[in-house]
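Enquirer: Here you go, sequence then predicted model.
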Amino acid sequence: MIPQEVLDRIIDALDIVEVVSEYVQLKKTGRNFKACCPFHNEKTPSFVVSPEKQIYHCFGCSAGGNAIGFIMKQENISFPEAVEKAAARAGIELPRYRVEDKQKASLAGQLYEINQFATVFYQNFLRSEKGKKALDYLKKRGFSGEILTKFKIGYAPDEWEALKKHCEKKKIAPMLLRKAGLTIPSEKGKGDYDRFRNRIIFPIFNERDNVLGFGGRVMDDSLPKYINSPETAVYTKGNVLYGMNFSKRGIRDKGFVVITEGYMDVIIPSQYGIDNTVAASGTALTPRQVGMLKKYTDTAIMVFDADQAGEAASLRGLDLLIEEGVKVRIATLPEGEDPDSFIRKNGPEKFTEQITSAKDLFDYKLDLLIKKLGKRDIGGITDEMLPTISRVNNMVVKSGYLKTLAERLDIHEESLRCEMNKVKKDYSYHYAEEAKVVPTSKNYRNSEIHLLGLAVSDKALCSKIKKELGFDKFRDGNIKTVISIVDELFAKGEKEINPGKLISRFREGKDERDAITQAVAKAEITQDAEKALRECMTCVRKENKEEELKELTQRLKEAQRNKNNDEINELVSKIAGVHKEKAA
């Protein structure tokens, strides 16, 4: 429904480096940019973004595409939704079209819409007569009108079906409300009722400002103090850091992130100009959350209150940050204080002082253990310190920590090294780690993918492949389709092919998009294109003959089982002919 020329204009208007940089911390390497892949876990960067070709490609998991494809994959949204976002960013108006069947929209897209609808409902209720008590409560807690609007804070009325009935009027299906976690089925089987009632509502956003779920807080001492949305098709607690959408720019500018515990510990600092704070919302950090942070910084400052800071167990969950190469420091607030209350009492300058004076995790943890256990409890101290040190990947830093620990405990460094070898990594205190699954990608013949890359890179090479080999010799249908389109574009007068635009022609064809990015990446590192062309064409011919032999041999076995002498003689003759051609 979206014309190709419009997609081409969007690709022309976008800079893929800027698009990807919103999600991934890129580093320039020569003409390209590199990073750790956002689509699979890795420690050595294999994700490459080419500003010249306007594509990205991961050499680890083979993910690849243009700016629109990246938005689509990163945000888990449909192609039309990704085009809308890309067009808005590029300042290009899309032609009007209507989706006749709402059911065809992705579930994620529908849940985003419903969550946004609920957000406005809660916001409006906060400013209504029924929300006066909640608004007064927030004002007493120091919330300004501007900050309430910025974080889209609202109020869920003290009614069983207020949101549900409002949604019914708008023809929103009850099942979708349940899938969004906004309603709960009645135990008596009498339909659903609202999950959030008589609570301050904090929308939970992803990095792109989509509302994923909600947190609801009481205004008195009743329990539970907070209830949150359940996990849904768009919301997984361990995949979200509250406030990241508002703080990512501040984190990148300041060079570090301040990690707190709750919603208010992000909102109040933001109101006072501290714009690099996120909240883990009461869970131990997960690999996915650490990956999000690493896109913007390699330094994290954890803010603990006095009770948390006195517990070594509170520090164990930070070992994951260390293993991922993040520098960790600890800032401690006075007993009973959190960032919200501390800033309101003492001002942002004093809070900044606490952050500035934060201690390195190693020093903080060692001082805590010596104070708590006593210097003579060497076993107790090393049981806590060695697992942390073992997760440091930099051998120089690790050696320095071991030396310092030996000096502080007045023991031989060599004995610590021996004990270190016995340490087993135990993530039992972490949130369940996600399976490190590398996305699968279709395996293409190296020779064919290389020829496709050469064809995309140069019109003359494309003509040679067509004339000397022929596109019909490509065994893979996806590659055959793509190279035929490349040839058509050159025939229409294109002097060079923009890979980003070429990818946009395959809106639903993941295999074709992957083939293009792999091919372009292969051509990118080719030093002698003419030599590579000759060798690849020879290889394709040879591989085709080998596959033909396999097919003929298989048919011969079948004919022999069936005792079909005429077919046997014919196949033997063909096999001999193929062997003769191979030897020529």
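Expert: Great, that's in hand. Numbering: from 1, shown residues only.
Enquirer: From residue 66, how far off is the residue nearest to residue 72 when sequence neighbours are not counted?
Expert: Take residue 72 and drop its neighbours on the chain: the residue closest to it by C-beta to C-beta, 6 or more residues apart in numbering is residue 82, 3.7 Å away. No exception for glycine: its C-beta is placed from N, CA and C like everyone else's. Counting by C-beta to C-beta, to the nearest Å, the gap from residue 82 to residue 66 is 10 Å.
Enquirer: need the contact list for the residue nearest to residue 72.
Expert: 68, 69, 71, 72, 75 (C-beta atoms under 8 Å, 6 or more residues apart in numbering).
Enquirer: Next: residue 225.
Expert: The contact partners of residue 225, taken as C-beta under 8 Å, 6+ apart, are 217, 218.
Enquirer: go again using 10 Å as the cut-off
Expert: Shown in contact with residue 225 (C-beta atoms under 10 Å, 6 or more residues apart in numbering): 199, 216, 217, 218, 262.
Enquirer: right, and residue 302 touches residue 321 too?
Expert: Yes: under the criterion of C-beta atoms under 10 Å, residue 302 makes contact with residue 321 at 8.6 Å.
Enquirer: longest helix of the chain?
Expert: Ranked by residue count and defined by DSSP state H, the top helix of the chain is helix 529-562.
Enquirer: So which bits of that helix are buried?
Expert: Residues of helix 529-562 classed as buried by neighbour count (16 or more other C-beta atoms under 10 Å): 532, 533, 536, 537, 539, 540, 543, 544, 552, 555, 556, 559.
Enquirer: What is it packed up against?
Expert: helix 446-457, helix 459-464, helix 510-524, helix 565-583 (3 or more C-beta pairs under 10 Å, 6 or more residues apart in numbering; DSSP states H and E).
Enquirer: what pLDDT does residue 445 get?
Expert: Here, the pLDDT recorded for residue 445 equals 85.
Enquirer: and it, how many neighbours?
Expert: 18 (other C-beta atoms under 10 Å).
Enquirer: what's the domain layout of this protein?
Expert: Listed by automatic domain parsing, the domain ranges of the chain are 4-90, 105-235, 245-436, 446-580.
Enquirer: just these: most buried one?
Expert: Ranked by mean neighbour count, the domains of the chain are led by domain 4-90 with a mean of 19 (mean count of other C-beta atoms under 10 Å).
Enquirer: these two touch, right, residue 422 and residue 415?
Expert: No: using C-beta under 10 Å, residue 422 makes no contact with residue 415, being 11.5 Å away.
Enquirer: Out of the domains of the chain, point me to the one whose mean pLDDT is lowest.
Expert: domain 245-436 (a mean of 84).
Enquirer: if we can go back for a sec, which residues are common contacts for residue 302 and residue 321?
Expert: Taking C-beta under 10 Å, 6+ apart as the criterion, residue 302 and residue 321 both touch 259, 285, 328, 361.
Enquirer: Widest-spaced pair of the buried residues of helix 529-562?
Expert: 532 and 559 (40.0 Å; C-beta to C-beta).
Enquirer: circling back to that earlier point, among the contacts of residue 82, which lie within helices?
Expert: Using DSSP H, 68, 69, 71, 72, 75 are the members of the contacts of residue 82 that sit in helices.
Enquirer: which one of these sits closest to residue 477?
Expert: Residue 477 lies nearest to residue 69 out of the ones in helices among the contacts of residue 82, by C-beta to C-beta, at 20.5 Å.
Enquirer: what's the spacing between that closest one and residue 120?
Expert: 31 Å.
Enquirer: now residue 390
Expert: In this view, residue 390 and residue 120 are 50 Å apart by C-beta to C-beta.
Enquirer: now do residue 501
Expert: Residue 501 is 38 Å from residue 120, where distance means C-beta to C-beta.
Enquirer: ok, now residue 80?
Expert: 23 Å.
Enquirer: same deal with residue 217?
Expert: Look at residue 217 and residue 120: by C-beta to C-beta, they are 19 Å apart.
Enquirer: can you check residue 552 too?
Expert: Counting by C-beta to C-beta, the separation of residue 552 from residue 120 is 67 Å.
Enquirer: quick one, what contacts the residue lying closest to residue 523 once chain neighbours are set aside?
Expert: Using C-beta to C-beta, 6+ apart and skipping residues adjacent in sequence, the residue nearest residue 523 is residue 453, 3.1 Å away. When contacts are counted by C-beta under 10 Å, 6+ apart, residue 453 touches 461, 499, 515-526, 529, 532, 536.
Enquirer: can you do 7 Å?
Expert: Residues in contact with residue 453, defined by C-beta atoms under 7 Å, 6 or more residues apart in numbering, are 519, 520, 522, 523.
Enquirer: Among those residues, which pair sits farthest apart?
Expert: Every pair of the contacts of residue 453 checked by C-beta to C-beta; the farthest is 520 and 522, at 7.3 Å.
Enquirer: Show residues contacting stretch 339-358.
Expert: Contact with stretch 339-358 is made by 142, 258, 260, 264-265, 268-269, 272-274, 301, 303, 329-331, 333, as judged by C-beta under 7 Å, 6+ apart.
Enquirer: Filter these down to the ones in helices?
Expert: Checked against DSSP H, the contacts of stretch 339-358 include these in helices: 264, 265, 268, 269.
Enquirer: Residue 230 against residue 180, yeah?
Expert: No: in this structure, residue 230 is not within contact of residue 180 by C-beta atoms under 7 Å, at 9.6 Å.
Enquirer: Return the closest of the contacts of residue 225 with respect to residue 15.
Expert: Of all the contacts of residue 225, residue 15 sits closest to residue 262, with 36.9 Å by C-beta to C-beta.
Enquirer: Please report how far the closest one lies from residue 407.
Expert: For residue 262, the distance to residue 407 - C-beta to C-beta - is 39 Å.
Enquirer: Contact partners for the residue nearest to residue 540 when sequence neighbours are not counted?
Expert: Leaving aside its sequence neighbours, residue 540 sits nearest to residue 447 (C-beta to C-beta, 6+ apart; 4.9 Å). Counting by C-beta under 7 Å, 6+ apart, residue 447 touches 536, 539, 540, 543.
Enquirer: My guess is residue 401 contacts residue 389. True?
Expert: Yes: applying C-beta under 7 Å, one finds residue 401 in contact with residue 389, separated by 4.8 Å.
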